[in-house]
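In: sequence first, then the predicted structure, then my questions.
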Amino acid sequence: MVELKVDPNKELIFYVNKNGVPTGETAPKLDAHNGNTKLHAAFSCFIFNENGEILVTRRANVKKVWPGVWTNSVCGHILPGETYEHAILRRAEYELGMKIKDLELILPNFIYKTPPYKGVIEHEYCPVYLARAASPPLPNPEEVDSFEWLKWDDFVMELQSDKTDEWSYWVKEEVKLFDPKILAPFIYSKE
């Protein structure tokens, strides 16, 4: 069981250098995201079901960063002193109300900086993980507006055809870097 004693409105993020090493600086999560967001630690995770479908989510409209856009399964920030794996489990439970398993790190040093979106720039050192669903999603409406399970090829087509920021900047950049050999065990069902 992942403890959820963190008030998301009081969460701290920590800043890192281009190698992901903490600088020693922290800031309140909401205040830190603005038109000049500094590089900070985060993660991105793609969750697959037993049929090889990926869980995609539409970010709640109340979110400060990229509200109302579709993205990967779960993404978030690492708390100071927390491991990436614990942060992923914590956020999957908080945002999606679900358990996940078989975490696999596939892009350990992914860094991105978005163009401004509604006045906010996101700038993250963001390792990318794959995982399998261990329970169905029961999303937190403050985090997730809606969700869908998509076949991988349909998902990629959606990303490639997006010209109006219907999908998050980071998910489009991450998927371009995926190694098909690493992805294969997740997208092909075991049937």
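Out: That came in fine, so what should we check first? Numbers count the residues shown, from 1 in each chain.
In: pLDDT score assigned to residue 9?
Out: Per-residue pLDDT puts residue 9 at 62.
In: so where do the strands sit in this structure?
Out: 12-16, 22-28, 40-48, 54-59, 70-71, 74-77, 100-107, 111-113, 123-125, 128-133, 144-150 (DSSP state E).
In: make TSV out of those strands and add mean neighbour count.
Out: Backbone N, C-alpha and C define where each C-beta goes, glycine included. Below are the strands of the chain laid out as TSV (neighbours: other C-beta atoms under 10 Å):
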stretch	mean neighbour count
strand 12-16	19
strand 22-28	13
strand 40-48	24
strand 54-59	22
strand 70-71	22
strand 74-77	25
strand 100-107	16
strand 111-113	16
strand 123-125	21
strand 128-133	22
strand 144-150	16
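In: shouldn't residue 131 be in contact with residue 48?
Out: Yes. Proximity of residue 131 to residue 48 meets the contact threshold set by C-beta atoms under 8 Å, at 7.3 Å.
In: can you say which of the strands of the chain is nearest to residue 85?
Out: strand 100-107 (5.8 Å; C-beta to C-beta).
In: give me the contact list for the closest one.
Out: Around strand 100-107, the neighbours that count as contacts under C-beta atoms under 8 Å, 6 or more residues apart in numbering are 45, 47, 84-85, 88-89, 92, 127-134, 174, 177-179, 182-183.
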